[in-house]
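In: Need coordinates for the following:
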Amino acid sequence: MTTRKQRGIPLSSLNPKFLHTNSTSHTWPFGAIAELVDNAYDPDVRAKQFWIDWTRIKGLDCLSFMDNGAGMNRAKLHKMLSFGFSDKNAVRGHVPVGIYGNGFKSGSMRLGTDAIVFTKTRNSMSIGLLSQSYLQAIKAQQIMVPMVTFRRDEQNQVEDAASFAAILTYSLFSTEKELFSELRALSAVGPTGTRIIIWNLRTTTNGETEFDFDTDKYDIQIRANTNEKTSESRATMPESRYSLRAYCSILYLKPRMQINIRGQRVKTQLISKSLAHIANDNYRPSFLTKRIRITFGFNTKSREHHGIMMYHKNRLIKAYERVSCQRKTERKGVGVIGVIECNFLQPTHNKQDFDDTDKYRKTMHNLSIKLEEYWNEIRYKRKKEDPKCTVPIEDTVKVPDQIWVQCDSCLKWRRLPDGFDCSRLPKKWFCNMNHDPQFRSCMVEEELEDQEEEQRSYPKPFKRQKRNSKSLQEENVPEGLETSSPISPLPTRQPKNTVLCQQNHSGWSTNSGNSLSALSPTTNACLETTSSLAQRSPLPLINLTAHSDTLKRMRRNCSSSGEIPTAEGIISCAPLRNTPPQGAGTSVHANFSPVIKKENGLKKLKSREKNMNSDEQMSKVESQIIENFEAYQEPVEEDEEEWHDTEKSTTTETSYHSTPEDIAESDCKQDWEAEACNAEEELWSLQHQQDELMEMMREAMEERDACREELEVLRDHCSALEDERSQLLSRQEKEKEEKARLSTLCDQLKCELEKLKKETDGRGREDITVGEERRKLKNLRFKVGHLLVSFIPALNLQQVDFNSEVIDKLLDQVLEEVRLTQLKAA
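Out: This next block holds a predicted model:
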């Protein structure tokens, strides 16, 4: 094998065996056929019709594929027969499916070992051969693709002679006449197009082709294997798995091309519109900035065929993919179909699956959650509407919520009235048959679909009720807690004037042995490490840093006054201002605020060793404060006057035994209470501001998303208007050219008319002259006739036609007799 080089560096070669190796990526034959359909659908070809047929040529079963698209010139045909060349771009919102430049090679070689391509443009006709049999026959070391091009200007390439001979020798067509007859067949579908014929189809172990052409004369099916011979096994399988007609009907999310199989048109369908109980939901992945529309509904044909229909750039990738909730033993989601366009995922090489990435796994997990939500919501709605109904919704007879039909002329989709009987539709339907006069013309754009009009998700009352019930269960805390409980949970909201500190009936502790000299720096660290509790707790987010700052201020005040809170008098939780004081002999609710119950700080500190342990003890105290933030309970409203009266009586009782130490202690206590009250007010003020900011951010994000979606709609609308404007301008230019042509033609006709008038006038004058001469000739003949009577008495002038030459002949005879008489007399 000769090594080719470029810039002195050897080039890689491609062995002919790679054609078979490359085709093995298609384990399912319909996936290979879809590759050929995609090539006709893509915007560089943009075919309106596509034909798939089975034929026999020279005793061999063949598959033929034909479209009326733009066709290919020689350069494009060579790229299609080569590997990795894909320069397809989106045109007017039509995004190409092909991205790898390998679809034709892998698809055609999966179906058979040999393929020939006939393609036609307005300027040329080309033929290309991709044949494993040809390469094996000539023992080629590299892939060779014979190509022939016939140009209208007859400037054909000389080197095509060898390719032409190879095509005639190793293809199904051995004569030039047979090749041109196939090229002429393209003219029957339009001025341009492409036709592909594949032969030597792949066979099974028993020698039959893997396709069944006999069961249905208007379909191409995959032969049933030994496990699928019974009709019951096929009934549980989606029809699109073994029927090409059924697969092509759902191949595109929004079909824009008519597909005909064995002479009969495929009834394509809008899969997202052919469901029952349709509901639209949104999914916003963490790796995207826009929402993804998901459509859920029930299959109206079979409850056993359910799952997710996953599309990519309008092309079906995975059909009836069951998510986790549909695979469980509870069998949730039976009969439910979800439709999603996953343009954010990357399809595999054969376009029958997605790459198994983190994005794909997250998407499938969220699709399972969304589908289960729809299942619960639809059952909840049905039970609410008819509580006595015992028939599951998946077992009921269903009809599609909407009916859409495609025009055979413009290929636009039109919506029919609800309840319309589809069996009444003719074989060919056009826009002028539409019941809606607003969309009764092919010039009118399509009606906006629901996903373009409504961008919000469907209501979910069952989910909302479940969330509220769970919240109520979390809020319910056992009542009747005794006042001896040292720690009480924190309410979500309290009045700003709530009393935070309360002395118990025994007074403040006077144990000075456990007094603390100051709060340690580790106290703040303890508070910071517990900030994660706010994420797990149902409480609103609380600014723990602000609370820690408040504790610092309280610590400074204690230090300046010489009073130290002890670990013995651990943080007590005061009830709300409307809760009876401790020692009243009654049980209280668990709606308390965590505060520091202070120790009698007026006693002097005598032990240095106890002061060294103060930091550790205070850390324990503050840890207990943070733990109390996990509890949640709404405040209980009670009689405020009763509590104030009790508070006054308690204060009066304690004032009878006041001493200077107690007075000082009371002053310090009041300072603590004021500081704690200010801290509480600041805490809830910050929380309120945070809630407002979060709500504003949420509203801003929703408004931003709505604006983005509206912007996309406006862009699409502007693009459509621009396209329409371009079409109108083009039409206007054509009309101007037509007008100029007609004007020139009118001038020419006027000139010819003038000429005809002149000729007619001249002919009229000539006719008058001729008529006058004829009249004079008649008079002359009449006079001559009277003279001839003297020579021929038997002549009856009344029977003579003077317009004829009878008189002339008689005159000649008389003159001849006179001449003869004179000769005799002489």
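In: Low-confidence ranges, the stretch 401-550 of the chain, go.
Out: Within the stretch 401-550 of the chain, the ranges that satisfy pLDDT under 70 run 449-455, 475-550.
In: wait, doesn't residue 298 sit right on residue 334?
Out: No: the pair residue 298 / residue 334 is not scored as a contact, 9.2 Å apart, by C-beta atoms under 8 Å. For glycine as for every other residue, the C-beta is placed from the backbone atoms N, C-alpha and C.
In: between the two, which one's more packed in?
Out: residue 298 (23 against 17; other C-beta atoms under 10 Å).
In: Can you name the residues bridging to the more buried one?
Out: Residue 298 forms beta bridges with residue 276, residue 336, as assigned by DSSP bridges.
In: how close does residue 15 sit to residue 115?
Out: Separation of residue 15 from residue 115 (C-beta to C-beta, to the nearest Å) stands at 18 Å.
In: ok, now residue 167?
Out: 12 Å.
In: Go ahead and flag the most central residue of the chain.
Out: The chain has residue 341 as the residue nearest its centroid, 3.7 Å off, counting by C-alpha atoms, centre = their mean.
In: what residues are up against it?
Out: Counting by C-beta atoms under 8 Å, 6 or more residues apart in numbering, residue 341 touches 253, 292, 293, 311, 312, 313, 314.
In: Compare residue 15 and residue 115 and say which is more crowded by neighbours.
Out: Taking neighbours as other C-beta under 10 Å, residue 15 and residue 115 compare with residue 115 leading, 27 against 13.
In: Which helix or which strand is home to that one?
Out: According to DSSP states H and E, residue 115 maps onto strand 112-120.
In: strands paired with the next helix or strand after that strand, and their directions?
Out: Going down the chain from strand 112-120, the next helix or strand is strand 124-131, by DSSP H and E. Within its sheet, strand 124-131 is paired with strand 112-120 (antiparallel), strand 147-151 (antiparallel), according to DSSP bridges.
In: Nearest to residue 3, out of these?
Out: strand 147-151 (24.2 Å; C-beta to C-beta).
In: Show me what the helix or strand following the closest one is packed against.
Out: Later in the chain than strand 147-151, the nearest helix or strand by DSSP H and E is helix 160-170. Packing partners of helix 160-170 (3 or more C-beta pairs under 8 Å, 6 or more residues apart in numbering; DSSP states H and E): strand 124-131, helix 132-137, strand 147-151, helix 176-186.
In: Those into a markdown table, with extra columns for distance to residue 703?
Out: Output for the helices and strands packed on helix 160-170, formatted as a markdown table (distance: least, C-beta to C-beta, whole Å):
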| stretch | distance to residue 703 |
| --- | --- |
| strand 124-131 | 55 |
| helix 132-137 | 60 |
| strand 147-151 | 58 |
| helix 176-186 | 54 |
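In: now, of those, which is deepest in the fold?
Out: Highest mean neighbour count of those: strand 124-131, a mean of 23 (counted as mean count of other C-beta atoms under 10 Å).
In: Please work out the average pLDDT along that strand.
Out: Strand 124-131 carries an average pLDDT of 94.
In: hmm, who's touching it?
Out: 19, 72-74, 77-78, 80-81, 105, 108-109, 113-120, 145-152, 163, 166-167, 170-171, 179, 183.
In: Got a PyMOL select line for the buried ones in the residues you listed?
Out: Only the buried entries of these go into this PyMOL selection, using 16 or more other C-beta atoms under 10 Å:
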select buried, resi 19+72+73+74+77+78+80+81+105+108+109+113+114+115+116+117+118+119+120+145+146+147+148+149+150+163+166+167+170+171+179+183
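In: longest single helix anywhere in the chain?
Out: Counting by DSSP state H, the longest helix found in the chain is helix 660-791.
In: what are the C-alpha coordinates of the next helix or strand after it, in CSV please?
Out: Downstream of helix 660-791, the first helix or strand assigned by DSSP H and E is helix 806-825. The C-alpha coordinates for helix 806-825 follow below in CSV (Å, rounded to 0.1, in the frame of the first residue of the first chain):
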residue,chain,number,x,y,z
VAL,A,806,-69.0,30.5,-70.7
ILE,A,807,-69.3,33.6,-72.8
ASP,A,808,-65.6,33.7,-73.3
LYS,A,809,-65.6,30.2,-74.6
LEU,A,810,-68.5,30.8,-77.0
LEU,A,811,-66.8,33.9,-78.2
ASP,A,812,-63.7,31.9,-78.9
GLN,A,813,-65.7,29.3,-80.9
VAL,A,814,-67.5,32.0,-82.9
LEU,A,815,-64.2,33.7,-83.8
GLU,A,816,-62.7,30.4,-84.8
GLU,A,817,-65.7,29.7,-87.2
VAL,A,818,-65.4,33.2,-88.7
ARG,A,819,-61.7,32.6,-89.2
LEU,A,820,-62.3,29.3,-90.9
THR,A,821,-65.0,30.8,-93.1
GLN,A,822,-62.7,33.5,-94.2
LEU,A,823,-60.0,31.0,-95.0
LYS,A,824,-62.4,29.0,-97.1
ALA,A,825,-63.6,32.1,-98.9
